[in-house]
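Engineer: sharing a model that was predicted from the sequence below.
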Amino acid sequence: MSSGSLPYRPCVGIMALNRDGLAFIGRRIDGPEHVDSVHAWQMPQGGIDAGEQPWPAALRELREETNIGSVERLGEIAEWLNYDIPPNLIGQAWNGRYRGQTQKWFAVRFIGSDGEIDIAHPGGTAHAEFSAWRWEPMCNLPDLVVPFKRAIYERVVKEFAKFA
């Protein structure tokens with residue numbers, strides 16, 4: 001099966017902004033999209049479960065990856081944004097079932113304190129996705145992610161710049 005005939009994995013992405021307008025970014029521990037140490041950073045994101053709507057999925061993913069729950073919804077990008085993973089990763093990512101992801105992006109304001117963030121045991125689980133995190137100026141985000149996600153991040157930054 002060629003990659004072009006594979007579907008996209010439905011997913012959400014979340015830009016969590018603190019009171020200073022800086023975005024949460026985490027350093028990925030591993031996974032098929034972890035291609036080098038420079039581009040190991042990303043915003044929280046994850047798959048949408050069967051029967052789940054995008055906004056509740058975004059809140060769930062944010063909690064599961066960062067422990068963040070104290071947020072106010074700022075906005076969303078109206079359409080779904082797609083990216084393809086490189087052909088050499090197709091067999092490694094998502095058991096070879098998807099060519100990439102189609103993402104619904106949301107912006108939220110984090111209204112809690114940094115002490116709420118727990119990437120080691122997010123949402124009370126032992127499954128950590130990030131080894132480090134920081135608040136980063138929004139404009140820097142596209143240069144920190146894997147190259148095949150850069151266009152998505154550029155669009156997300158452009159759409160959500162008004163919230164910074």
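Structural biologist: Looks like it arrived, so ask away.

Engineer: tell me which residues touch residue 131, please.
Structural biologist: The contact partners of residue 131, by Cβ atoms under 8 Å, 6 or more residues apart in numbering, come to 27, 28, 29, 119. Quick note: C-beta positions are derived from backbone N, CA and C, even for glycine.

Engineer: which one of these is nearest to residue 63?
Structural biologist: Among the contacts of residue 131, residue 119 lies closest to residue 63 (Cβ to Cβ), at 11.7 Å.

Engineer: hey, where'd the strands end up in this structure?
Structural biologist: Remark: strands assigned in the chain by DSSP state E are 8-17, 23-28, 41-42, 45-47, 71-76, 81-84, 100-110, 130-136.

Engineer: returning to what we had before: what subset of the contacts of residue 131 is buried?
Structural biologist: Among the contacts of residue 131, the ones that count as buried by 16 or more other Cβ atoms under 10 Å are 27, 28, 119.

Engineer: rewinding a little: export the strands of the chain as TSV, with columns for mean pLDDT and distance to residue 150.
Structural biologist: Formatted as TSV, those follow (pLDDT from 0 to 100; distance: least, Cβ to Cβ, whole Å):
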stretch	mean pLDDT	distance to residue 150
strand 8-17	97	14
strand 23-28	95	14
strand 41-42	94	11
strand 45-47	94	14
strand 71-76	98	21
strand 81-84	95	9
strand 100-110	97	13
strand 130-136	96	15
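
Engineer: of those, which is nearest residue 54?
Structural biologist: strand 100-110 (4.2 Å).
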